[in-house]
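> got a predicted model here, sequence first, then my questions.
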Amino acid sequence: MASKTLSSSIIRRCLRSPTRFTCAAARPVPTSTRRYLFDAYRPALRVAGQRRAITNTARARFAEVEESLDPYQQERESDQVDVCIVGGGPAGLSAAIRLKQLANEAGNEDFRVLLLEKAGELGDHIVSGNVVEPSALNELLPDWNSEDNPNRFEHVTPAKVDKMRFLTKNQAIPIPKPPQMNNHGNYIISLNQFVKWLGERAEEVGVEIYPGFAASEILYTHDGSVKGVATNDLGISREGKPKDSFERGMEFHARVTLLAEGCHGSLTKQVIKKFDLRRDSQHQTYGLGIKEVWEVQPEKFEKGLIVHSMGYPLPSDTYGGGWMYHFGENMVSIGLVVGLDYPNPWLAPYGEFQKMKHHPLYKSVLEGGKCISYGARTLNEGGFQSIPKCAFPGGALIGDTAGFLNVPKIKGTHTAMRSGMLAAEATYNALTSSDNGSVFLFDYEDKLRKSSIWSELKQVRNMRPSFHTPLGLYGGILYSGLEAYILRGKAPWTLKHGKPDHAATKTADQCKKIEYPKPDGKISFDILTSVSRTGTNHEEDQPVHLQVKDWDKHAQLEWPKYKGVENRFCPAGVYEYVEDDSKDLGVRFQINAQNCVHCKTCDIKVPDQDINWTTPQGGEGPKYVLT
């Protein structure tokens, strides 16, 4: 049983909160393991708690002695596994399942695959459109949608009708959809629900899954290869001092570490820099996706309808578009993606999304309905040109953290899953053919280049950067049509991306100020109302995970030039400039970290690149529903 290999630190973390083991829906560890832990270790934990209370009392009596001890020097507990995967999204779970499938088929059931997920439960931090192309899923789990399978994924809506519209302020003009956007044979799903289901399938084949564990540090061997990861310390005050509840993080050592953190992963940033993985690729460029889920009136519901739009409300120098998917029973997914290379610092993606919902195309469906969920997340838009080297000594990048999203197709789940499966096959082959030494997954790089991921992204490589022409939106639409219908990716040239997203931002005095209408509370909402629908929660007394070395210096750099761009690009109201006469600027920069929905926009878009997004305590952040 996997639980027998668990250290006391894992046990304490998994059972620290009573709701973790009294709520049947919560699965911080595999269900069977959780029951075993609760029955076997609760008495010991109670004794341990009493010992800590005694220790705390002694600490109070002998404070002058204890103050000289540095708790950060405590040795971290460690666990040794064969493969450690960071991130419980489609890529990470697909890699984990494929690894255990290979090991089980070979009779190697002791092969340990451990997956760490920073969210309290799988799926809590997942947000996507999502129309899924099932090609990779069909290969990984062939009976995933079979009626003969009692554990099939039931929450699927077959795509039926595709519509493409160009919006003016009051009109929706039909335009041809590119062949890449044909959704015949695809399914509308909630990726949040899908990931939860995929996690159950991973448990069935023996993957050890630990939600609530935020990997915050890469560990290296003496030869410089990746040794594994460490989770962050718990029980640290906002001032950075250990509290009575302080607990050192855990180390997870593995011969192969797969990073599946999703877009702009915090550990991925470190690995890319250390191993210079972008030496042969262009910089990544990003979009911000903002989404709501509505329950609409039955007479307005068209099951399987897929609508995409371009144009209004975004200005012609800003890439992006909207969507509306009808799925389930009277449920509608609606959202807007805004390219983060937009130039005008007065533009607020959240405000643009609220405006879009008042367009007759969308309002006619939403009116009389109820908004039940909200979410936001960045996505990679760089495509083929921006794929870094994906293998590094001791591990690899998989899924959206490597940038496999097909932007014209508006799909990345199938490529993320396939990359995880390819990495799993390369990993298992490498580990079973060698017993020691550092592992480099050359085979993964080869498999990627021979896969459908590579050919699919290469074919559409010029579409997204074509929107950087002087003609802007209209030039991009024309060129994309040329690529889609005539060139089909066979052009002898590869267009380059423009400036990095943060560098594309102009100063406030160069741009027209945008005034957004006040939300009506029925179709459009203020930002804090939307954040309340994310279920976001962070303990306030902990270090701010949005790292800015000097808040006053940041304000002096950003405010005079951009007049509060952080407040406008953040879709969760995290950043503010508050009037303060005691400051030379007349305003004070403030970070409301408890509102953060982990979208990573700030890390990407802030012009002077002095905000570093890091992981808060494990289990914190949004708790998305149906996203």
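Right, received. Where do you want to start? Numbers count the residues shown, from 1 in each chain.
> contacts only, for Gln270.
Contacts for Gln270 were tallied using CB atoms under 8 Å, 6 or more residues apart in numbering; they are Ile218. Just so you know, the C-beta spots here come from the backbone N, C-alpha and C atoms, and that holds for glycine as well.
> let me fix that, I meant to ask about Ile604.
264, 286, 340, 378, 501-502.
> how does it look with 6 Å?
Contacts for Ile604 (CB atoms under 6 Å, 6 or more residues apart in numbering) come out as 286, 340, 501.
> find the nearest non-adjacent residue to it, please.
Nearest residue to Ile604, sequence neighbours excluded (CB to CB, 6 or more residues apart in numbering): Tyr286, at 5.2 Å.
> need the three-state assignment for the most centrally placed residue in the chain.
The chain has Gly262 as the residue nearest its centroid, 4.2 Å off, counting by CA atoms, centre = their mean. Three-state assignment for Gly262 (DSSP: H, G, I helix; E, B strand; the rest coil): coil.
> find the nearest non-adjacent residue to it, please.
Going by CB to CB, 6+ apart, Gly262 has Asp400 as its nearest residue, at 5.0 Å.
> how close does the one you found sit to Trp197?
19 Å (CB to CB, to the nearest Å).
> neighbour count winner among these two?
Neighbour count, other CB atoms under 10 Å: between Asp400 and Trp197, Asp400 has more, with 29 against 20.
> would you verify that the more buried one is located in a helix?
Yes: remark: Asp400 belongs to a helix, assigned using three-state DSSP.
> Gly412 versus that one, what's the distance?
From Asp400 to Gly412 the distance is 6 Å (CB to CB).
> try Ser225
In terms of CB to CB, Ser225 sits 29 Å off from Gly412.
> what of Tyr325?
Distance from Tyr325 to Gly412, by CB to CB: 16 Å.
> higher neighbour count, those two?
Gly412 (27 against 24).
> okay, now the closest residue to that one other than its chain neighbours: neighbour count?
Nearest residue to Gly412 in three dimensions, chain neighbours excluded: Leu405, at 3.6 Å (CB to CB, 6+ apart). Residues near Leu405, counting by other CB under 10 Å, number 24.
> ditto for Lys163
For Lys163, using other CB under 10 Å, the count is 15.
> list the contacts for it?
Per CB under 6 Å, 6+ apart, neighbours of Lys163: Val307.
> just checking: what are the partner strands of the one helix or strand it maps to?
Here Lys163 sits within strand 161-167, counting by DSSP states H and E. Paired strands of strand 161-167, with direction, are strand 172-174 (antiparallel), strand 305-311 (parallel) (DSSP bridges).
> helix or strand right after the longest one?
Scanning forward in sequence from strand 305-311 by DSSP H and E, the next helix or strand is strand 320-327.
> contacting residues around that next one?
Here strand 320-327 has contacts from 129, 157, 188, 301-303, 305-310, 314, 332-339, 356, using CB under 6 Å, 6+ apart.
> and stretch 116-129, by the same measure?
For stretch 116-129, using CB under 6 Å, 6+ apart, the contacting residues are 86, 88, 191-192, 195-196, 199, 210-215, 291, 323, 375, 377, 598, 615, 618-619, 621-624, 627.
> how about the strands of the stretch 301-450 of the chain, start to end?
305-311, 320-327, 331-339, 370-380, 391-392, 395-397 (DSSP state E, counting those that start in this stretch).
> ugh, wrong one, the stretch 501-627 of the chain
Going by DSSP E, counting those that start in this stretch, the stretch 501-627 of the chain shows strands at 546-547, 575-579, 587-591, 612-613.
> any chance of the ones you listed in JSON lines, plus mean neighbour count and distance to Gln74?
JSON lines is the format used below for the strands of the stretch 501-627 of the chain (neighbours: other CB atoms under 10 Å; distance: least, CB to CB, whole Å):
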{"stretch": "strand 546-547", "mean neighbour count": "16", "distance to Gln74": "23"}
{"stretch": "strand 575-579", "mean neighbour count": "15", "distance to Gln74": "35"}
{"stretch": "strand 587-591", "mean neighbour count": "19", "distance to Gln74": "29"}
{"stretch": "strand 612-613", "mean neighbour count": "18", "distance to Gln74": "25"}
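> span of stretch 579-598 from start to end?
27 Å (CA to CA, to the nearest Å).
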